[in-house]
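Novice: Output the structure for:
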Amino acid sequence: MTEMRIAAEIVAAENDKREAAHRSDYQALGEKLARSSIDIDKVTAKVADFFVAVPSWGVGTGGTRFARFPGLGEPRHIFDKLDDCGVIQQLTRATPTVSLHIPWDKADPKELKAKADALGLGFDAMNSNTFSDGSDQAHSYKFGSLSHVDAGTRRQAVEHNLECIEIGRTLGSKALTVWIGDGSNFPGQSNFTRQFERYLDAMRDIYKALPDDWRLLSEHKMYEPAFYSTVVQDWGTNYLIAQTLGEKAHCLVDLGHHAPNTNIEMIVARLIQFGKLGGFHFNDSKYGDDDLDAGSVEPYRLFLVFNELVDAEHRGVKGFHPAHMIDQSHNVTDPIESLISSANEIRRAYAQALLVDRAALEGYQEGNDALMATETLKRAYRTDVEPILAEARRLAGGAIDPVATYRASGYRARVAAERPAVKGGSGGIV
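Specialist: Numbering: from 1, shown residues only. Here you go, the predicted structure:
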């Protein structure tokens, strides 16, 4: 029996308030889509089967290099985090898995599994941390980890990733995501070639330890914390890594890890074409790696990314099953509300992409009709698919309006009374 953190009668009562209006909206949208020979129920079924993982660290209040302002009822440990993740899944029915970060979330794997089972949650990709130092480690990552000049430091970083794999095996995870902050801050500080060779050698050791049914997801990032050069700085280098390591290695695309105005949807298309798209970290940005809520700044870009994903799905690309996860920092909002909103925005982009008339689009592309090709995309994007999203949630037992239901439940006030308040505003991203 799943342990519900919000009483089922609260969800039912909130849905009752909205059901008549929702049914009317759903019927009206269904009639509109039918005129274009689109079956709304089939689209809703596909949306209901689309899931995105939530990050354990995302339910805590984030921060910047300058300050962090604690929120009410912040999770004290991974088990509190799982409770919060369970609420997001209960209301959205879109986030059945959680992605853990080790050592932040380190605990007895059997206890983690039991807690997740009770909440009806599973575990997505494991995430290793070799970009900051733990209190008990022998070597510092100040000057790098998997690419460090010191063999002992590299070995320590490899062993940490192997530990993450072992924890993940117990939890039922099937992937390891590796992101490193290695790079340099001054010209001449590092030899680019030897640094990358050391990284590849270390990654080979990690790759060899992967179970047969696992994937290794390497993640690129243009800058930060290294500001002059980064070892895995872009999708081209990431692709080289995946090609070098083998068929179980794939590229992870974080939407915030690119220079402004980068054509991310084209990167996605290229990685799909060559069989190396491993998955996503969804968020949004304005200037750099801002980790803003998904779809909050560039919703059309999110739609264009999903246009490529649905195109691949439509074409039946072999072995196409990218992982989807949110990766955000919530500095001024209730993290649960932001993650609920982001999960819905990601599903929204998927639903809109499902409405694209693929045959018409291909015809305009083949006829070099640029205007009608882009209008075909915009027609789908401009469609208000909220009734589809709400129906997918309702049919699965979730909330028609998840944020309003969350607020009506009083969950944040309840956990604030249970969890000691965090005092002061420290600096540093968490």
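Novice: quick one: contacts for Met222?
Specialist: 230, 233-234, 257-259, 288-289 (CB atoms under 8 Å, 6 or more residues apart in numbering). (Glycine included, C-beta is placed from N, CA and C.)
Novice: Sort out which of those residues are in strands and list them.
Specialist: Under the assignment DSSP state E, those contribute Thr230 to strands.
Novice: Quick one: buried ones out of the contacts of Met222?
Specialist: 230, 233-234, 257-258, 289 (16 or more other CB atoms under 10 Å).
Novice: low-scoring stretches of the protein, by residue?
Specialist: 1, 424-430 (pLDDT under 70).
Novice: can you rerun that using 80?
Specialist: For the chain, applying pLDDT under 80 flags the ranges 1-2, 65, 422-430.
Novice: Domain ranges for it, per the record?
Specialist: Domains of the chain are assigned by the TED database as 1-93+321-424, 96-254.
Novice: Indicate which one of those is closest to Asn263.
Specialist: Between Asn263 and these, the shortest separation by CB to CB is 10.7 Å, and it involves domain 96-254.
Novice: so how far is that closest one from its chain's centroid?
Specialist: 16 Å (CA atoms, centre = their mean, to the nearest Å).
Novice: Surely His281 touches Ser329?
Specialist: No. Look at His281 against Ser329 with CB atoms under 8 Å: they stay out of range, at 11.7 Å.
Novice: Of the contacts of Met222, which is the nearest to Phe79?
Specialist: For those, the nearest to Phe79 is Asp289 (28.8 Å; CB to CB).
Novice: any idea what sits nearest the closest one, other than its immediate chain neighbours?
Specialist: Excluding its sequence neighbours, the residue lying closest to Asp289 (CB to CB, 6 or more residues apart in numbering) is Gly256, at 4.4 Å.
Novice: And for Leu176?
Specialist: Excluding the flanking residues, the one nearest Leu176 by CB to CB, 6+ apart is Met126, at 5.1 Å.
Novice: what's the distance between that neighbour and Asp357?
Specialist: 40 Å (CB to CB, to the nearest Å).
Novice: What of Leu72?
Specialist: For Leu72, the distance to Asp357 - CB to CB - is 47 Å.
Novice: picking up where we left off before, next up, the contacts around the residue nearest to Asp289.
Specialist: Here Gly256 is in contact with 281, 283-285, 288-292, 327 (CB under 8 Å, 6+ apart).
Novice: Of those residues, which is the nearest to Gly410?
Specialist: Using CB to CB, Leu292 comes nearest to Gly410 of the contacts of Gly256, at 27.2 Å.
Novice: What degree of burial does the closest one show, as a neighbour count?
Specialist: 21 (other CB atoms under 10 Å).
Novice: now it: how far from Gly256?
Specialist: Leu292 is 8 Å from Gly256, by CB to CB.
Novice: which residues are common contacts for those two?
Specialist: 283-285.
Novice: In this protein, mark out all the strands, start to finish.
Specialist: Going by DSSP E, the chain shows strands at 54-55, 97-99, 101-102, 122-123, 126-128, 175-178, 183-184, 215-219, 229-230, 249-254, 277-282, 323-326.
Novice: Give me the buried positions along the longest helix along the chain.
Specialist: Longest helix of the chain, by residue count under DSSP state H: helix 8-34. Residues of helix 8-34 classed as buried by neighbour count (16+ other CB under 10 Å): 10-11, 14-15, 18, 22, 25-26, 29-30, 33.
Novice: In JSON lines, list the contacts of Gly256 along with distance to Pro335.
Specialist: Below are the contacts of Gly256 laid out as JSON lines (distance: CB to CB, whole Å):
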{"residue": "His281", "distance to Pro335": "16"}
{"residue": "Asn283", "distance to Pro335": "13"}
{"residue": "Asp284", "distance to Pro335": "15"}
{"residue": "Ser285", "distance to Pro335": "18"}
{"residue": "Gly288", "distance to Pro335": "21"}
{"residue": "Asp289", "distance to Pro335": "18"}
{"residue": "Asp290", "distance to Pro335": "16"}
{"residue": "Asp291", "distance to Pro335": "12"}
{"residue": "Leu292", "distance to Pro335": "13"}
{"residue": "Asp327", "distance to Pro335": "13"}
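Novice: So among those, which ones count as buried?
Specialist: The buried subset of the contacts of Gly256 - by 16+ other CB under 10 Å - is 281, 283-285, 289-292, 327.
Novice: Identify the residue spatially nearest to Asn15, adjacent ones excluded.
Specialist: Asn15's closest residue in space is Ile400 (CB to CB, 6+ apart), at 5.0 Å.
Novice: What is the neighbour count of Pro96?
Specialist: Quick note: Pro96 (other CB under 10 Å) scores 21 neighbours.
Novice: Gln328 versus that one, what's the distance?
Specialist: Distance from Pro96 to Gln328, counting by CB to CB: 18 Å.
Novice: can you check Lys318 too?
Specialist: 32 Å.
Novice: ok, now Ser184?
Specialist: Ser184 is 28 Å from Gln328, by CB to CB.
Novice: Which of those two has more residues huddled nearby?
Specialist: Between Ser184 and Gln328, Gln328 has the larger neighbour count (other CB under 10 Å), namely 26 against 19.
Novice: That one touches Gly295, doesn't it?
Specialist: No. Applying CB under 8 Å as the test, Gln328 and Gly295 come out as separate, 11.0 Å apart.
Novice: list residues touching both of those two?
Specialist: Ser342.
Novice: and the residue of the chain most remote from its centre, what is it in contact with?
Specialist: Here the chain reaches farthest from its C-alpha mean at Gly367, the gap being 36.7 Å by CA atoms, centre = their mean. Contacts for Gly367 (CB under 8 Å, 6+ apart) come out as none.
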